[in-house]
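Colleague: I'd like to go over a predicted model; first the sequence, then the structure.
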Amino acid sequence: MKKLIQIATSIVLLGWAVLPSQAAFTSVYVFGDALSTTTGNTAGLDPSDGEMKDYYGGRYSNGRVWVEVLAQRLGTTVGYNLSYYDCNSADLSNNVKSFNISLSVATNTLFVVWGDNADLFDVVNAGNGDNQSAYNKVIIAGTNDELFVIKNLAAKGVQTLVMPSVVDISQVPYFSQDYTTAYLQMMHNESIAYNLAFSNMLNVARQACPGLTIYEPDFFSLLNTVLTNGPAYGLTNAIYEGATIDALDYYDYKNNTNGLGTNFVYWDMLDPSAKLHEIMADEAMQMVAPVRVSQVTPLSPLSAATATNVLTIANVPVGLSGFVEGTTNFYQKGWAWTTMTNFTSISPVQSIFVNSPALPPIALPGGNGPITPGGAGNQPTPTNAIPSYWQAYRLKFPLAWYWP
């Protein structure tokens, strides 16, 4: 069964509900490490390099990375991306410090900052994977650098920021395939410790920068959920000697970007597959701009044999096709959702025409019946029941990944 990655809140219509829509972004700007780069992997750009077939362009994956998909979902593009391999929080601090942007562009741009995974990577790669003091030091330094990044961006006029949590590095094949259980347990614990300090830092930043909205996608939990329940996301957690293995190593580098292994969780020992990147993007999209019905316009009376309504949908995830489900009311025994129509997501705001089934009136209490306070169990039935017409809709967007 395909995972339904986005479900809008059901809209119950008694009269007509109107919900506010999220402000649109003109672009997405990114500061990050290899997980977000689109140009930093030179092996994927050099035709003379045999690894070109293993990567999609300058990315460390077999297709688009999550920030590209997130930009598409928002109906825009990545306008700036300073991301590269092993860019840690200290590097992010320096990169943001030297970054210049006009106020008018900053206020309408979604900024993504994600480099904290490199902090923990550096600790383990330096041979300190079992050194508590080394972890403590990098967590303090990393979160301080990230707080500087946030304040600096806010001072430049940035109003919306996405900063994901670190993933559980003990689950990354680069480590899980080679390190002992004791080492991996410490990596797991320190990933949790980093995220706790990171969340606390974000709360401090929110107090210091009240005009800035900060979203924190929980990629730690998402990765662990995908690894334990991959089929629900259309993914395979391939196991070799008790640990997750990536697609390139599993197939001995004989696959290509749109062939074997595209449904794996990891593409190489450090980096997710393009399919997981898409799932990460949709997770962030639900936080930044959740899809919703912003306006309902009736084109016929509610009591008509077939009622036609126009649903104005805001924050449509561009690139994901969806469908509208409806029901006449929640009071009838055995009520159920019915698919009303399908649609292709081509724009962040779309109008969908829905032909609804006839709406039987519901007898709600009302009229002239006497009501005796405190007389529960002895209340007479109201003499005049008021007919009321209910209608509800909800939106669903099944996961559908297409290369790249």
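Modeller: Looks like it arrived, so ask away.

Colleague: quick one: Tyr266 and Pro173 touch, right?
Modeller: Yes: the pair Tyr266 and Pro173 passes the contact test of C-beta atoms under 8 Å, sitting 5.5 Å apart. For every residue, glycine as well, the C-beta is placed using N, CA and C.

Colleague: now whichever strand or helix holds Leu153: mean pLDDT?
Modeller: Using DSSP states H and E, Leu153 falls within helix 132-155. The average pLDDT for helix 132-155 rounds to 98.

Colleague: which other residues reach that helix?
Modeller: Contacts of helix 132-155 from elsewhere in the structure, counted by C-beta atoms under 8 Å, 6 or more residues apart in numbering, are 31, 88-90, 92-93, 96-97, 106, 111, 113, 116, 119-120, 122-123, 126, 128, 161, 163, 186, 190, 193-194, 197-198, 200-202, 204-205, 208-209, 211-212, 214.

Colleague: go again using 7 Å as the cut-off
Modeller: Residues outside helix 132-155 that contact it (C-beta atoms under 7 Å, 6 or more residues apart in numbering) are 89-90, 92-93, 96-97, 111, 113, 116, 119, 123, 128, 161, 190, 193-194, 197-198, 201, 204-205, 208-209, 211-212.

Colleague: please save the CA atoms from it in PDB.
Modeller: Extracted in PDB, the C-alpha atoms of helix 132-155 (Å, rounded to 0.1, in the frame of the first residue of the first chain):
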ATOM      1  CA  GLN A 132      32.300  11.600  25.500                       C
ATOM      2  CA  SER A 133      34.300  14.800  26.000                       C
ATOM      3  CA  ALA A 134      34.600  15.200  22.200                       C
ATOM      4  CA  TYR A 135      30.900  14.900  21.700                       C
ATOM      5  CA  ASN A 136      30.100  17.400  24.500                       C
ATOM      6  CA  LYS A 137      32.500  19.900  22.900                       C
ATOM      7  CA  VAL A 138      31.100  19.600  19.400                       C
ATOM      8  CA  ILE A 139      27.500  19.800  20.600                       C
ATOM      9  CA  ILE A 140      28.200  23.000  22.500                       C
ATOM     10  CA  ALA A 141      30.200  24.500  19.700                       C
ATOM     11  CA  GLY A 142      27.800  23.400  17.000                       C
ATOM     12  CA  THR A 143      24.700  24.800  18.600                       C
ATOM     13  CA  ASN A 144      26.500  28.100  19.400                       C
ATOM     14  CA  ASP A 145      27.500  28.400  15.700                       C
ATOM     15  CA  GLU A 146      23.900  27.600  14.600                       C
ATOM     16  CA  LEU A 147      22.500  30.300  17.000                       C
ATOM     17  CA  PHE A 148      24.900  32.800  15.400                       C
ATOM     18  CA  VAL A 149      23.700  31.700  11.900                       C
ATOM     19  CA  ILE A 150      20.100  32.200  12.900                       C
ATOM     20  CA  LYS A 151      20.700  35.700  14.400                       C
ATOM     21  CA  ASN A 152      22.800  36.700  11.500                       C
ATOM     22  CA  LEU A 153      20.100  35.700   8.900                       C
ATOM     23  CA  ALA A 154      17.400  37.400  11.000                       C
ATOM     24  CA  ALA A 155      19.400  40.600  11.000                       C
END
